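Visitor: prediction below, plus the sequence it came from.
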Amino acid sequence: QVQLVESGGGLVQAGGSLRLSCTISGHTSGIYAMAWFRQPLGKEREFVAGINRPNTDTKNTDSVKGRFSISKDNTNNTAFLQIDMLKTEDTAVYYCAANQLRGAVRMTIADYEHWGQGTQVTVSS
């Protein structure tokens, strides 16, 4: 059993910053990659950023490049998403996900079998 718990969401003004955290626990020895997805209200869930265990590959979706940065602390089994220069269109529920797939970071929902409950990020204008 693997559990993921996100934290750090909240209400922030446009142009501000947030740092989301995702702590993974349980049977984590096989976990290889962690990622962040987001789902705006009424829209589909989309990939935001991902990182693999040896830090040899990171990916960001084009809409967040230069503003979002993913990192992780393997010692503490925690992944982070630093979000800068927030825009109102970044408002969404942000989900942490993990998988056991080796190699490059995957960007599709189906490639992740472990999910957190999500944390709300709301950006006001």
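Guide: All right, it came through fine. Treat the numbers as computed from the prediction; the structure is a model and nothing was measured. Numbering: from 1, shown residues only.

Visitor: all strands for this protein, in order.
Guide: 2-7, 10-13, 18-26, 33-39, 46-52, 58-60, 68-73, 78-83, 92-99, 114-115, 119-124 (DSSP state E).

Visitor: nearest to Thr108, out of those?
Guide: For the strands of the chain, the distance to Thr108 is smallest for strand 46-52, at 7.1 Å, taking CB to CB. In short, each C-beta sits where N, CA and C put it, glycine included.

Visitor: C-alpha coordinates for stretch 40-52, PDB please?
Guide: The C-alpha trace of stretch 40-52 is given here as PDB (Å, rounded to 0.1, in the frame of the first residue of the first chain):
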ATOM      1  CA  PRO A  40      -9.500  22.900 -13.100                       C
ATOM      2  CA  LEU A  41     -13.200  22.800 -12.300                       C
ATOM      3  CA  GLY A  42     -15.100  21.300 -15.100                       C
ATOM      4  CA  LYS A  43     -12.100  20.300 -17.100                       C
ATOM      5  CA  GLU A  44      -9.900  17.200 -17.500                       C
ATOM      6  CA  ARG A  45      -6.900  16.400 -15.400                       C
ATOM      7  CA  GLU A  46      -3.700  17.400 -17.000                       C
ATOM      8  CA  PHE A  47       0.000  16.700 -16.400                       C
ATOM      9  CA  VAL A  48       2.000  19.600 -14.900                       C
ATOM     10  CA  ALA A  49       5.500  18.300 -14.000                       C
ATOM     11  CA  GLY A  50       7.300  15.100 -13.200                       C
ATOM     12  CA  ILE A  51      10.600  13.800 -12.000                       C
ATOM     13  CA  ASN A  52      12.200  10.400 -11.800                       C
END
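
Visitor: picking that back up, of all the strands of the chain, which lies closest to Val105?
Guide: strand 46-52 (3.8 Å).

Visitor: which residues are in contact with that closest one?
Guide: Strand 46-52 is contacted from outside by 32-39, 57-61, 64, 68-72, 79, 81, 94, 103-109, using CB atoms under 8 Å, 6 or more residues apart in numbering.

Visitor: just stretch 56-71 next, same as before
Guide: For stretch 56-71, the external contacting residues (CB under 8 Å, 6+ apart) are 34-36, 46-52, 79-86, 90, 103-105, 107.
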